[in-house]
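S.K.: sharing a model prediction with you, sequence too.
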Amino acid sequence: MIRRYMWLRLYTAILDSHKIQALPDDLFRFLIGTWCLARENNGVLPSQEAICFRLRMARTAVEKSLEALRGRALLDVNEEGCYRPHDWNDHQYESDSSAERTARWRQAHQLPSETPPRIKPGTELPPKCDQCTEECLVFVEKHGISTAQRCKCARGQYFAAKDRERKAAEALNQ
């Protein structure tokens, strides 16, 4: 089954690529379609029958377009005889996930491995801890929060939630 809502890299360098800019509009559209199909099929194009259906084209038009792109060095044919976008692996490499990057960054900076949960305003908060600073105590006093209920650990989360509420209210009033 084909996964929907996949994405692929499209570099702005195509604006300066003579090979791509010299394509007639219908062939440019076909090229973009082949890139999408290749993305769904691990870098190779599906059968010509599938290309016809997915790109809503006649078989003769697909055959002609495939050969035109191959002749312009925009498609290659692999050992199995399947069409493949030229230099596909160089442009469409698998990247790391943001979760992996975040975990590495947190480990390098000796931070907790997970983002602390958000606290909704009005939620019963933990008692003051040893880490509270004068800044924290001023904050809770300014915002009418009992110092016995607030500590520095949750201060930022509370402030962020209040700030989001304020911005949402301002947006509604505009």
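M.R.: Received, thanks.
S.K.: phi and psi next, for residue 10.
M.R.: Note on residue 10: backbone dihedrals following degrees, to the nearest 10 are phi -130, psi 110.
S.K.: cool, and the one 10 residues further on?
M.R.: Reported as degrees, to the nearest 10, the phi and psi values for residue 20 are phi -80, psi -40.
S.K.: show me the contacts for it.
M.R.: By CB atoms under 8 Å, 6 or more residues apart in numbering, residue 20 lies in contact with 14, 28, 31, 74. Just so you know, the C-beta spots here come from the backbone N, C-alpha and C atoms, and that holds for glycine as well.
S.K.: and residue 34, how many residues sit next to it?
M.R.: Residue 34 has 24 neighbours, counted by other CB atoms under 10 Å.
S.K.: quick check: buried residues in whichever strand or helix holds it?
M.R.: Taking DSSP states H and E as the definition, residue 34 sits inside helix 25-40. For helix 25-40, burial by neighbour count (16 or more other CB atoms under 10 Å) applies to 27, 30-31, 33-35, 37-40.
S.K.: what's downstream of that helix, the next helix or strand?
M.R.: helix 48-55.
S.K.: pull the CA atoms of that following helix into PDB?
M.R.: Provided in PDB are the C-alpha atoms of helix 48-55 (Å, rounded to 0.1, in the frame of the first residue of the first chain):
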ATOM      1  CA  GLN A  48       4.500   2.200 -16.800                       C
ATOM      2  CA  GLU A  49       0.900   1.000 -16.200                       C
ATOM      3  CA  ALA A  50       1.000   2.500 -12.700                       C
ATOM      4  CA  ILE A  51       2.600   5.700 -14.000                       C
ATOM      5  CA  CYS A  52      -0.200   6.000 -16.500                       C
ATOM      6  CA  PHE A  53      -2.800   5.700 -13.800                       C
ATOM      7  CA  ARG A  54      -1.100   7.900 -11.200                       C
ATOM      8  CA  LEU A  55      -0.200  10.700 -13.600                       C
END
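S.K.: ok, back up a step: can I get the contacts of residue 20 in JSON lines with pLDDT?
M.R.: Output for these, formatted as JSON lines (pLDDT from 0 to 100):
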{"residue": "14", "pLDDT": "91"}
{"residue": "28", "pLDDT": "97"}
{"residue": "31", "pLDDT": "97"}
{"residue": "74", "pLDDT": "96"}
